[in-house]
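Novice: Any chance you could fold what I've pasted below:
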Amino acid sequence: MPNLLEYQGDDFYFRYAVDQSLCPDTYKMHAHEDIEFFAFCRGSGSYIIEGTEYQLAPKDILIMRNAEAHMPKISPHEPYGRMVFNVRPSFLERVDPSGLLLRLVYERPLGQQNCFHAADYSKKAWESLEELTYYHEQESGLLRLAVMSRFVYLLSEMARVYGTKKETDLPNDPLPNRILRYVNDELFNDLSLETISAHFYLSKSQLGKIFKNTTGTSVWEYISIKRLMAAREMILSGHSAQNACISCGFNDYSSFYRAYKLKFNVSPSQDKENNTNSH
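Specialist: Residues are numbered from 1 along each chain as shown. Model (predicted):
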């Protein structure tokens, strides 16, 4: 279903959408270059973030930092409503020069402490956010003010809550989480199914099943997405495509080139040129 409300800024994107029904395979594992704040409005299901599955309840807020792989598992039998805010780190730095919001996003283990429940933050913060679901003002300046003011209010509440979260709030450390952490720690090294499975005393088929159940995708698709996003970040910051290819674990440039173009719909050199021309 088309977005019911949408706003696009330079370092900020917001959308509110409701799907009346979903095909079970609508959403697959993916990651973003921006930080995502996901507000669950209605429906039922769960959200998998780097191997941790969060059962969703209305008014839950999820945070996914850039390149943190995630996948919704939403029931197709009832409407699915959500508000999504995608922001660049520069947005949070501008809103909060003290850096507290950046710590909220980055100072936690991968795939852990992503979820904030309605009981965690003030009722007024959600009520303010929910007003956007009834908002029909399409004039860009007014819409920006409406979205920004409510989002910043929510951020202030989440920053307050973050200070109360303790290490004891962290979940147990099951095998799938340890596997994902190992893969991310070794992401740019010479990873193979053999080395990963041997490290955890698993067969390759066992590893594949655990990975599929945990992330919804294969080991190599997960690794490829993470490496490509890291390579793009290097390229857009001024590094050569060849340097990014080697630094991010790709051994063959032609394979890297094809994968990059398939993922981002543009070649590495053209992507770099487009980014340079936009500044």
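Novice: Got phi/psi on the closest residue to Pro268 other than its chain neighbours?
Specialist: Nearest residue to Pro268, sequence neighbours excluded (CB to CB, 6 or more residues apart in numbering): Ala241, at 3.7 Å. C-betas here are computed from N, CA, C, even on glycine. Here is the backbone geometry of Ala241 (degrees, to the nearest 10): phi -60, psi -40.
Novice: count of neighbours near Ala241?
Specialist: The tally of other residues near Ala241 (other CB atoms under 10 Å) stands at 20.
Novice: Find the residue ranges of this structure scoring beneath the pLDDT cut-off.
Specialist: 1-3, 24-26, 137-138, 163, 165-172, 278-279 (pLDDT under 70).
Novice: report the longest helix in it, please.
Specialist: helix 140-162 (DSSP state H).
Novice: so what does that one touch, helix or strand wise?
Specialist: Using 3 or more CB pairs under 8 Å, 6 or more residues apart in numbering; DSSP states H and E as the contact test, the elements touching helix 140-162 are strand 5-8, strand 12-19, strand 35-42, strand 61-64, helix 89-95, helix 100-106, helix 123-130.
Novice: tell me the angle that helix makes with strand 12-19.
Specialist: Helix 140-162 and strand 12-19 are oriented at 90 degrees to each other (axes from the mean of the first three to the mean of the last three CA atoms, to 10 degrees).
Novice: Can you point out the buried residues in the next helix or strand after helix 140-162?
Specialist: For helix 140-162, the succeeding helix or strand toward the C-terminus, using DSSP states H and E, is helix 175-185. Neighbour counts over helix 175-185 (16 or more other CB atoms under 10 Å) mark 176-177, 179-181, 183-184 as buried.
Novice: before we move on, the earlier item: mind putting the helices and strands packed on helix 140-162 in a markdown table, mean neighbour count and distance to Phe151 included?
Specialist: Conversion of the helices and strands packed on helix 140-162 to a markdown table gives the following (neighbours: other CB atoms under 10 Å; distance: least, CB to CB, whole Å):
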| stretch | mean neighbour count | distance to Phe151 |
| --- | --- | --- |
| strand 5-8 | 16 | 10 |
| strand 12-19 | 18 | 7 |
| strand 35-42 | 20 | 8 |
| strand 61-64 | 22 | 11 |
| helix 89-95 | 16 | 9 |
| helix 100-106 | 18 | 11 |
| helix 123-130 | 16 | 8 |
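Novice: which one of the buried residues of helix 175-185 is nearest Asn114?
Specialist: Proximity of those to Asn114 (CB to CB) peaks at Asn177, which lies at 12.5 Å.
Novice: Just give me the neighbour total for the nearest residue to Glu78 once chain neighbours are set aside.
Specialist: Nearest residue to Glu78, sequence neighbours excluded (CB to CB, 6+ apart): Gly43, at 5.7 Å. Neighbour count for Gly43, taken as other CB under 10 Å: 20.
Novice: any idea how far Arg160 is from the spatially closest residue to Ala159 that is not a sequence neighbour?
Specialist: Once flanking residues are discounted, Ala159 sits nearest to Leu100: 5.0 Å by CB to CB, 6+ apart. Using CB to CB, to the nearest Å, we find Leu100 at a distance of 9 Å from Arg160.
Novice: How about Ile210?
Specialist: 37 Å.
Novice: Comparing the two, which residue is more hemmed in?
Specialist: Ile210 (20 against 15).
Novice: For the more buried one, which residues are in contact?
Specialist: The contact partners of Ile210, taken as CB atoms under 8 Å, 6 or more residues apart in numbering, are 175-176, 179, 202.
Novice: Let me know the closest of those to Ala259.
Specialist: Nearest member of those to Ala259, counting by CB to CB, is Ile179, at 22.6 Å.
Novice: Angles on the backbone of the nearest residue to that closest one once chain neighbours are set aside, please.
Specialist: If the residues on either side of it in the chain are set aside, Ile179 comes closest to Phe200, at 6.1 Å by CB to CB, 6+ apart. Main-chain dihedrals, Phe200, degrees, to the nearest 10: phi -110, psi 10.
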